[in-house]
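*Asks:* what follows is a protein structure lacking sequence information:
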């Protein structure tokens, strides 16, 4: 199986010599094509910084990040913009939908930027909307949608360009439990049926239990790793909670 993501000995520093903070401390790991990987860790552990570096929002101080055989740490601004548009999909906690555009237009924007023709755009939007069960909201504006519908529209926007890697930052953080479950079930379907590769940061053990593998980050380092294997989701959840407890509390006050 091909590695979509290779993170090699990355470090990230903030500040200057007199007051320097090491947010990421020599982290290395890889993600295979078609994997669904979660990242968990206490507040301040470096998990968000790690995702920001992989998503090209931030840059590493040392080390290399290779996505689909391209070292993004060596790309210049224009090449990096093109890479971001073609290879990465983003799902954020606060949806990041444009309020003045309908759901259809929000999803179409990603394809328009890539230069897709109108017939192809329409076909791709209808296909992904059917898959995520958002056909009924395509002509609605964000203020007319529920939180769960907004997040599924945001997910459609992220995957409609067929990126190599989808990056999800606390995707259920603004959703109620029912909407969270529906979204995570769609994530499972995207991963299993379309082989979408997903890297997801979450503080929530229930959300993390939908992934195949969890990387736990502590003090800027990988603390441990859990692989779901043949476990049921409930069994995997219990194993995740054991690690959370080992780190010093339950997932509400530690993560």
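*Replies:* Arrived safely, thanks for sending. None of the values given here were measured: they were computed from a predicted structure.
*Asks:* next one: the helix ranked longest in the chain to chain centre, how far?
*Replies:* Longest helix in the chain by number of residues (criterion: DSSP state H): helix 177-193. Distance, stretch centre to chain centre, for helix 177-193: 13 Å (C-alpha atoms, centre = their mean, to the nearest Å).
*Asks:* after that helix, next one along is what?
*Replies:* Where DSSP states H and E defines the elements, the next helix or strand beyond helix 177-193 is strand 198-201.
*Asks:* centre of the chain to that following strand, how far?
*Replies:* Using C-alpha atoms, centre = their mean, the offset of strand 198-201 from its chain centre is 4 Å.
*Asks:* which secondary structure elements does it contact?
*Replies:* strand 36-40, helix 47-54, strand 165-169, helix 177-193 (3 or more C-beta pairs under 8 Å, 6 or more residues apart in numbering; DSSP states H and E). For the C-beta atoms, the positions are set from N, CA and C on the backbone; glycine is no exception.
*Asks:* could you give the angle of the longest one to strand 36-40?
*Replies:* Angle between the axes of helix 177-193 and strand 36-40 is 140 degrees (criterion: axes from the mean of the first three to the mean of the last three C-alpha atoms, to 10 degrees).
*Asks:* tilt between helix 177-193 and strand 165-169?
*Replies:* Going by the same axes, to 10 degrees, helix 177-193 makes 160 degrees with strand 165-169.
*Asks:* which strands or helices does helix 177-193 pack on?
*Replies:* Using 3+ C-beta pairs under 8 Å, 6+ apart, helix 177-193 is in contact with strand 36-40, helix 118-132, helix 147-159, strand 198-201, helix 205-208.
*Asks:* also the second one?
*Replies:* Of the remaining helices and strands, those touching helix 47-54 by 3+ C-beta pairs under 8 Å, 6+ apart are strand 3-16, strand 19-32, strand 36-40, strand 62-67, strand 165-169, strand 198-201.
*Asks:* can you redo those strands as JSON lines with mean pLDDT and distance to residue 191?
*Replies:* Formatted as JSON lines, the helices and strands packed on helix 47-54 follow (pLDDT from 0 to 100; distance: least, C-beta to C-beta, whole Å):
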{"stretch": "strand 3-16", "mean pLDDT": "94", "distance to residue 191": "13"}
{"stretch": "strand 19-32", "mean pLDDT": "94", "distance to residue 191": "12"}
{"stretch": "strand 36-40", "mean pLDDT": "97", "distance to residue 191": "4"}
{"stretch": "strand 62-67", "mean pLDDT": "97", "distance to residue 191": "18"}
{"stretch": "strand 165-169", "mean pLDDT": "95", "distance to residue 191": "9"}
{"stretch": "strand 198-201", "mean pLDDT": "96", "distance to residue 191": "6"}
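*Asks:* of all these, which one comes closest to residue 234?
*Replies:* Comparing those against residue 234 with C-beta to C-beta, the closest turns out to be strand 36-40 (16.0 Å).
*Asks:* list the buried residues of that closest one.
*Replies:* The neighbour-count check on strand 36-40 (16 or more other C-beta atoms under 10 Å) flags 36-40 as buried.
*Asks:* check stretch 48-59 too.
*Replies:* Buried residues in stretch 48-59 (16+ other C-beta under 10 Å): 48-56, 58.
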